[in-house]
Each structure stands twice: as structure tokens, then as C-alpha cells.
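1. Give the three-dimensional model of this entry:
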Amino acid sequence: MITSMILFPLVGFVINGLWSLGSARSGRRVPPSVSGAIATLAMAAAFVSALVARSQLPSDGAIEVECFRWFTLGTLAVDFKLRLDALSSLFTLVITGVGTLIHLYSISYMSEDEGAGKYFAYLNLFCFMMLNLVLGSTLPQVFLGWEGVGLASYLLIGFWYREEANVSAGQKAFVMNRIGDLGFLIAMFIGFKYSGSLDLAVIEKAVLPGAVATSFVLLVFLACTGKSAQIPLFTWLPDAMAGPTPVSALIHAATMVTSGVYLLARLSPVISQSASGMMVIAGVGAITALITAVIACFQRDIKKVLAYSTVSQLGFMFAACGVGAFGAGVFHVMTHAFFKALLFLGAGSVIHALHGEQDVFKMGGLKSKLPVTFWTFTAGWAAILGLPPFSGFFSKDEILHQALVSRSGSGWVFGILLIAAVLTAFYMTRLYLLVFFGSPRMEKSKFDHAHESPAPMALPLVLLGALSLAGGFAGEPVHLPHPEAALSTPAWVIMIVSVVVAVLGATIAYRRYAGGSASAEPATDVFRIDAIYSRVFGGGLRATASATGWIEERVVQGLIRMVAALTDLSGNMIRVLQVGSAQAYLLMMVIALVVMVLYFLKGMVQYGNL
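-> The predicted structure is shown next:
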């Protein structure tokens with residue numbers, strides 16, 4: 001079942017990919033309903049396989065399937081082996097379950113797109129690579145999936161490649177992820193050096209020297225900052241909203257961006273060996289959660305608000321891992337997959353109804369027009385705010401509690417996350433009110449023609465809404481070691497505090513945007529981070545190239561000109577001898593022969609042989 005789990009999306013990718021290539025040559029359009037059905041059935045079959053594999057999983061063990069010998073390098077032999085345990089099983093269920101719903105949603109969403117066949121092939125490829133990532137038993141295999149989801153993400157972000165902005169967004173994501181991947185590779189080499197193996201089960205048990213452990217943790221975290229969009233490598237994710245909305249739901253809400261949290265949880269025994277490394281993870285996570293929450297408060301694009309919200313929620317997950325609460329971080333991965341996929345698909349339903357409009361200040365009054373979208377979006381809104389009994393309440397409360405009481409936590413991490421929680425409630429309530437309440441602010445024709453999404457789009461909303469409501473009652477899905485508590489603050493106190501701050505943020509937004517009557521606000525890049533990066537790295541590289549240009553001009557070009565001059569000189573010297581006369585060439589041969597004979601006679605006289 002484990003092998004079939006990854007083969008089903010691979011088969012879907014091959015079928016849709018080959019069909020799409022054939023249609024491009026023949027000029028016949030691939031029917032979106034057919035290609036979508038193939039891709040969705042492939043994912044549904046993978047989900048069933050994941051459920052069956054989960055039922056066969058031992059309570060405290062793992063299932064391993066050795067597929068083939070991947071490569072041999074000297075004495076190092078690496079097998080392509082799949083390993084299913086409690087952690088990887090949770091991720092496979094999220095990937096295949098949420099992935100199936102997003103594939104189903106895409107059938108209607110992409111029904112008018114000419115490249116639907118290629119789109120569904122890319123979606124299946126992404127899920128195949130993501131499953132390789134979480135089921136890989138060795139670091140090279142995890143890295144294969146790590147790079148594979150990066151490639152698929154690039155293809156999907158720039159799917160509408162005729163728009164230059166979409167292509168640039170895909171390139172930006174690709175480049176920023178490569179920076180993080182360097183950290184992954186170096187960490188892999190360190191893990192092999194000190195454990196003698198690339199197998200994750202062996203590396204997890206390795207005991208690293210203090211400085212080496214810190215280096216290893218920071219390099220792994222560098223890899224995670226790229227894939228999971230943490231400071232400083234987070235600016236690619238908001239731009240990645242250029243892709244189709246279901247792509248945003250799948251890649252940038254439910255699966256790929258959480259792979260960094262998966263890697264930290266998988267390597268948690270080694271990560272826990274460096275207190276300073278964990279402090280860095282907690283601090284960066286908390287600051288990311290705060291800064292991106294502030295930025296989200298000033299966005300007008302409905303998908304950009306949700307994008308910055310995703311980065312902020314990832315900050316909560318990393319902060320949890322940084323204080324040692326890996327289980328709480330993984331718990332939030334699960335609940336976040338439910339409510340953020342729901343919010344993105346709900347946003348897609350709104351955009352679909354308004355024929356591509358994404359500005360929240362050009363919406364309003366859609367509650368009556370889109371009842372299914374409204375009520376399911378409400379469930380996602382309540383979940384991300386952390387209101388009981390919705391799923392986000394349980395995971396967010398656990399993270400806040402562990403950030404305060406854990407020995408690896410601190411009051412300032414807890415305080416930053418609490419402020420981020422207030423801002424989350426503010427910008428999500430702002431979005432909620434501007435989209436669904438008040439008088440319509442779009443063109444009358446758009447409002448009149450707005451209608452609820454068809455059943456293939458509505459059904460995933462309903463199912464994700466139910467999961468957003470009840471998913472938190474399952475509790476922490478993976479029992480990872482809990483951090484040692486340094487404070488004895490009761491959990492119910494933090495629970496009350498987290499609800500109060502959520503209500504506070506929502507109330508402030510309600511007083512400002514109630515009725516949806518607020519005047520349009522400009523979208524603002526509060527911290528101008530992209531501009532700073534462009535000036536420092538883009539401008540800095542150009543300035544460096546300009547300052548060192550004389551090396552190219554005087555040294556490199558000078559050497560090239562000198563070689564050319566010497567070649568020209570030698571050619572001119574040899575050309576003197578090329579007179580084009582057979583008699584002259586014969587004379588030269590005679591002279592050369594006489595010189596050689598005289599040379600040998602001289603040597604013989606010198607050594608007394610003549």
C-alpha cells in the first residue's frame with residue numbers, strides 16, 4: 001500500500017502529461033473534465049492507500065518497503081526505501097486527502113483553461129514528489145522530494161506564463177529555495193560525517209558535539225526558511241499567488257510550505273541537542289509571525305492577505321518547534337491545512353463569482369449571493385482566529401501555552417506570538433467583513449451575475465469546513481517528546497487569554513470595517529522588504545560588478561589580446577617560409593639535412609668518436 005500510494009499520482013502525471021503533449025502536437029484540446037477526473041481519481045486512490053497503510057501501522061513502530069538500490073559510492077550504498085511511521089502517515093493523509101479535494105475543486109475552476117491537461121499533470125507531479133519527501137527513509141531521498149516539489153511549484157506558480165509577473169514570481173520562488181537548499185546539502189554532509197550513514201533513523205540517534213550540533217541545526221533551519229518562507233527567505237510566497245488559486249491552496253497552504261516543519265520534527269532528537277539553535281528557530285518564527293501579520297493588515301488583494309497569513313501561521317509552527325513543542329507544531333500543520341485550504345478555496349470561489357476580481361475593496365454584500373462559500377468561509381475564519389470549538393483554537397492554544405511554560409520558551413516569544421494572534425484576528429475579520437458584508441462596491445453587473453460555485457467546487461468547501469470545525473478534537477496527531485516545563489501556568493489561563501486576544505482583534509476590525517463601508521486603503525509594503533532586498537542584493541551585485549569591471553577589461557581581456565597577438569606573430573613568421581615553390585621547399589630540406597649532419601658530426605668529434 002505504501003508503494004501504491006506514491007505510484008498513483010505518478011501514473012496520473014504520466015497519463016495527463018503524455019496526453020497533453022500529444023494534444024499540443026495534434027492541436028486537439030484535452031477535455032478538462034477528463035484530465036481532471038484522471039488526476040482526481042489518482043489522488044483519491046492514493047488517499048485510500050494512505051488510510052489502509054495507516055490502519056496497518058504498528059502503534060509504536062514503522063513499516064519499511066525497500067524498492068531498489070539507488071546508488072553506490074565507494075563503501076556507501078543508498079537504497080530507495082519508503083518508511084511509514086506516525087509522523088509521515090499524518091503528512092501522507094493531509095497531502096492525499098486535502099490534495100484530492102483540491103483536485104476535485106480544480107475541475108470546475110480550470111474548466112475554461114486551454115492548458116488544463118498540463119495543469120493537472122503538474123498537480124499530480126507535485127503530490128508524487130511531496131509523498132517522496134515525507135516517506136523517504138534517507139536524506140538523499142528526502143532531498144529528491146524537496147527539490148521535486150520546488151520544481152513542481154515553479155511550474156505551477158508560472159503556469160499562466162504569458163504574464164511576465166507570473167514568470168518572475170516562479171523564478172523568484174525557485175531562486176530563494178535554492179539558497180535554502182544549500183543549507184540542506186551541507187547539513188546532509190555533516191550528518192553523514194558524524195553518524196556514518198545517510199539513513200534518517202541512524203542520524204536521529206547521533207550525538208553531535210556542541211558546536212557541530214548548532215551548525216547542523218542552523219543549516220537545517222536555513223533549508224526550512226527557504227521552503228517554509230521564514231525570515232529572511234519569505235518574500236517569494238506572497239508573489240507565488242500569481243498561480244491559479246487551487247495551487248495556492250495546495251502548495252502554499254496545506255503541503256509544500258509545511259515541509260520545513262516536517263523536517264524539523266523528523267530530526268527533532270538532533271535539533272534538541274542545540275539550545276542556541278532552538279532559540280534562533282523560536283525567535284525567527286515569532287518575529288516572522290509578527291512582521292507578516294502586520295503586512296497582511298495593509299493588503300487589498302484577497303489572496304495576498306491569505307498569503308501573508310500563511311507565512312505568519314508558519315511562524316507559529318516554527319516557534320513551537322523552537323521551544324521544543326514539536327508535537328504542537330505538527331498539530332498546527334494539520335489544523336492549518338484544513339482551515340487555510342478552505343480559506344484559499346473560498347477566496348477562489350469569490351474570485352470565480354466576480355470574474356477575476358481580487359480587490360477586497362471592490363467586493364461586499366456577497367453573503368446572500370454565495371451562501372455555501374459564506375458559511376464555509378466563516379468556519380475557516382473562526383478556525384484561524386482560534387475561537388472554540390474550531391480546530392485552530394486547540395493547536396494555537398497549545399503553541400502559546402508551550403511558548404510560555406517550556407524551559408526552551410520565554411516570555412518574549414509568548415508576547416510576540418500573542419500580538420501576532422491579535423493582528424491575525426484583525427486582518428482576517430477585516431477581510432471577512434469587506435468581502436461578505438455591507439453594500440456591494442463592485443460594478444452592478446458583476447454583483448448581479450455573481451452566483452454560487454458549482455458542486456465540484458462547493459463540495460470541497462463543505463468537507464473542509466467540517467474539518468475546520470471538528471478537526472481539533474482529535475488532539476495532537478503525533479506524540480513527540482514534550483519539552484520540560486519551567487513554569488506551572490495552568491493551561492486554562494492561556495486558553496482564556498488566547499480567546500480574549502482573538503475577540504479583541506476581531507472587535508477592533510469590526511469597529512473599523514462594520515458594514516463594509518470603509519473607504520479604500522492603498523496596499524502598502526510596510527517594511528519595504530522587497531525593495532531592500534532589491535537594493536542590497538540586486539543593486540549590490542551590480543555595484544560589485546561595476547567596481548571590479550577593470551579586472552575583466554584589463555586583466556582578462558588583456559590576456560586574451562596577448563594570446564591573439566602572439567598567435568598572429570607566430571603566423572606571420574611561419575608565413576615567410578611558405579613561398580609556394582617546390583624548388584624552394586627542396587632547398588630548405590637540403591639545408592635542414594646539412595645542418596643536422598653537421599650537428600651530429602660535431603657531437604662525435606667532441607666525444608672522440610671520430
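
2. Okay, helices next: where are they in the stretch 101-250 of the chain?
-> Along the stretch 101-250 of the chain, counting by DSSP state H, counting those that start in this stretch, helices occupy 116-135, 139-157, 164-195, 200-203, 210-227, 236-239, 245-249.

3. Mean neighbour count and mean pLDDT for those - can I get that in JSON lines?
-> Bear in mind the C-beta positions are built from the backbone N, C-alpha and C, glycine included. Shown next, in JSON lines, are those (neighbours: other C-beta atoms under 10 Å; pLDDT from 0 to 100):
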{"stretch": "helix 116-135", "mean neighbour count": "27", "mean pLDDT": "93"}
{"stretch": "helix 139-157", "mean neighbour count": "22", "mean pLDDT": "92"}
{"stretch": "helix 164-195", "mean neighbour count": "18", "mean pLDDT": "90"}
{"stretch": "helix 200-203", "mean neighbour count": "18", "mean pLDDT": "92"}
{"stretch": "helix 210-227", "mean neighbour count": "22", "mean pLDDT": "93"}
{"stretch": "helix 236-239", "mean neighbour count": "24", "mean pLDDT": "88"}
{"stretch": "helix 245-249", "mean neighbour count": "28", "mean pLDDT": "88"}
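
4. Let me have the ones you listed in CSV, adding distance to residue 501 as columns.
-> Converted to CSV, the helices of the stretch 101-250 of the chain look like this (distance: least, C-beta to C-beta, whole Å):
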stretch, distance to residue 501
helix 116-135, 33
helix 139-157, 33
helix 164-195, 32
helix 200-203, 38
helix 210-227, 27
helix 236-239, 25
helix 245-249, 27
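
5. Of those helices, which is nearest residue 443?
-> helix 245-249 (21.1 Å; C-beta to C-beta).

6. distance between the closest one and the chain's centre?
-> Distance, stretch centre to chain centre, for helix 245-249: 13 Å (C-alpha atoms, centre = their mean, to the nearest Å).

7. nearest to residue 537, of the helices of the stretch 101-250 of the chain?
-> Of the helices of the stretch 101-250 of the chain, nearest to residue 537 by C-beta to C-beta is helix 164-195, at 10.2 Å.

8. what's the closest one packed up against?
-> helix 139-157, helix 200-203, helix 210-227, helix 236-239 (3 or more C-beta pairs under 8 Å, 6 or more residues apart in numbering; DSSP states H and E).

9. Let me have those in CSV, adding distance to residue 424 as columns.
-> Formatted as CSV, the helices and strands packed on helix 164-195 follow (distance: least, C-beta to C-beta, whole Å):
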stretch, distance to residue 424
helix 139-157, 25
helix 200-203, 34
helix 210-227, 21
helix 236-239, 16
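
10. looking at these, which is closest to residue 385?
-> helix 236-239 (21.0 Å).

11. Just the local confidence number for residue 349, please.
-> Reported pLDDT at residue 349 in the predicted model: 93.

12. And for the one 3 residues further on?
-> The pLDDT attached to residue 352 in the predicted structure is 91.

13. which stretch of helix or strand covers it?
-> Here residue 352, judged by DSSP states H and E, is contained in helix 326-353.

14. So which of the helices and strands packed on helix 164-195 is nearest residue 486?
-> Per C-beta to C-beta, nearest to residue 486 of the helices and strands packed on helix 164-195: helix 210-227, 20.7 Å.

15. May I have the longest strand along the chain as CSV, with CA atoms only?
-> Using DSSP state E, we find that the single longest strand of the chain is strand 63-73. The C-alpha coordinates for strand 63-73 follow below in CSV (Å, rounded to 0.1, in the frame of the first residue of the first chain):
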residue,chain,number,x,y,z
ILE,A,63,6.7,0.0,8.1
GLU,A,64,9.6,-0.1,5.7
VAL,A,65,9.5,-1.0,2.0
GLU,A,66,12.8,-1.4,0.1
CYS,A,67,12.2,-0.6,-3.5
PHE,A,68,15.6,-0.8,-5.1
ARG,A,69,19.3,0.0,-4.7
TRP,A,70,19.5,3.7,-5.7
PHE,A,71,23.3,4.3,-5.9
THR,A,72,26.6,3.1,-4.6
LEU,A,73,29.5,5.4,-3.9
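
16. Now the element after that strand, going C-ward?
-> Strand 63-73 is succeeded, C-terminally, by strand 76-84 (DSSP H and E).

17. Dump that next one to PDB, keeping only the CA atoms.
-> Written as PDB, here are the backbone C-alpha positions of strand 76-84 (Å, rounded to 0.1, in the frame of the first residue of the first chain):
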ATOM      1  CA  LEU A  76      28.300   3.900   0.700                       C
ATOM      2  CA  ALA A  77      25.200   2.200  -0.600                       C
ATOM      3  CA  VAL A  78      21.900   4.100  -0.500                       C
ATOM      4  CA  ASP A  79      18.600   2.200  -1.000                       C
ATOM      5  CA  PHE A  80      15.400   3.800  -2.300                       C
ATOM      6  CA  LYS A  81      13.300   2.800   0.700                       C
ATOM      7  CA  LEU A  82      10.000   4.100   1.900                       C
ATOM      8  CA  ARG A  83       9.300   4.400   5.700                       C
ATOM      9  CA  LEU A  84       5.900   5.000   7.200                       C
END
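
18. Can you tell me what sits against that strand?
-> 2-3, 6, 53, 57, 62-72, 92, 135-138, 140-141, 198, 200-201 (C-beta atoms under 8 Å, 6 or more residues apart in numbering).

19. If I take that strand and helix 116-135, what angle do their directions form?
-> If you take axes from the mean of the first three to the mean of the last three C-alpha atoms, to 10 degrees, strand 76-84 sits at 100 degrees to helix 116-135.

20. got the buried residues for strand 76-84?
-> Across strand 76-84, burial judged by 16 or more other C-beta atoms under 10 Å covers 78-84.

21. who's in contact with residue 210?
-> residue 274.

22. how much space between it and residue 420?
-> Distance from residue 210 to residue 420, counting by C-beta to C-beta, to the nearest Å: 32 Å.

23. Could you report the neighbour count for the closest residue to residue 231 other than its chain neighbours?
-> Once flanking residues are discounted, residue 231 sits nearest to residue 288: 4.7 Å by C-beta to C-beta, 6 or more residues apart in numbering. Neighbour count for residue 288, taken as other C-beta atoms under 10 Å: 27.

24. do residue 232 as well
-> 15.

25. same deal with residue 31?
-> Residue 31: 14 neighbours (other C-beta under 10 Å).

26. and it, how far is that from residue 38?
-> Relative to residue 38, and taking C-beta to C-beta, residue 31 is found at 10 Å.

27. Might one say that the residue nearest to residue 231 is in contact with residue 317?
-> No: judged on C-beta atoms under 8 Å, residue 288 makes no contact with residue 317 at a distance of 10.1 Å.

28. and after the lowest-mean-pLDDT helix or strand in the chain, which helix or strand comes next?
-> Lowest mean confidence among the helices and strands of the chain (mean pLDDT, DSSP states H and E): helix 540-547, at a mean of 69. Counting by DSSP H and E, the element after helix 540-547 in chain order, helix or strand, is helix 549-550.

29. what does that next one rub up against?
-> By C-beta under 8 Å, 6+ apart, helix 549-550 touches no other residue.

30. Need the three-state assignment for the spatially closest residue to residue 294 that is not a sequence neighbour.
-> Of all residues not flanking residue 294 in the chain, residue 526 sits nearest, at 5.8 Å (C-beta to C-beta, 6+ apart). With DSSP: H, G, I helix; E, B strand; the rest coil as the basis, residue 526 sits in coil.

31. Backbone torsions only: list them for residue 526.
-> phi -50, psi -50 (degrees, to the nearest 10).

32. hmm, back to that, quick one, which of the helices of the stretch 101-250 of the chain gets closest to residue 561.
-> Closest among those, once you apply C-beta to C-beta, is helix 164-195, at 35.3 Å.

33. need the contact list for residue 328.
-> 320, 395, 398-399, 402, 476.

34. From residue 242, how far out is the nearest residue to residue 160 once chain neighbours are set aside?
-> Spatial nearest neighbour of residue 160, chain neighbours left out: residue 166 (5.0 Å); criterion: C-beta to C-beta, 6+ apart. Distance of residue 166 to residue 242, given as C-beta to C-beta: 4 Å.

35. Mind listing the shared neighbours of those two?
-> What both residue 166 and residue 242 touch, as defined by C-beta under 8 Å, 6+ apart, is the set 157-158, 160.
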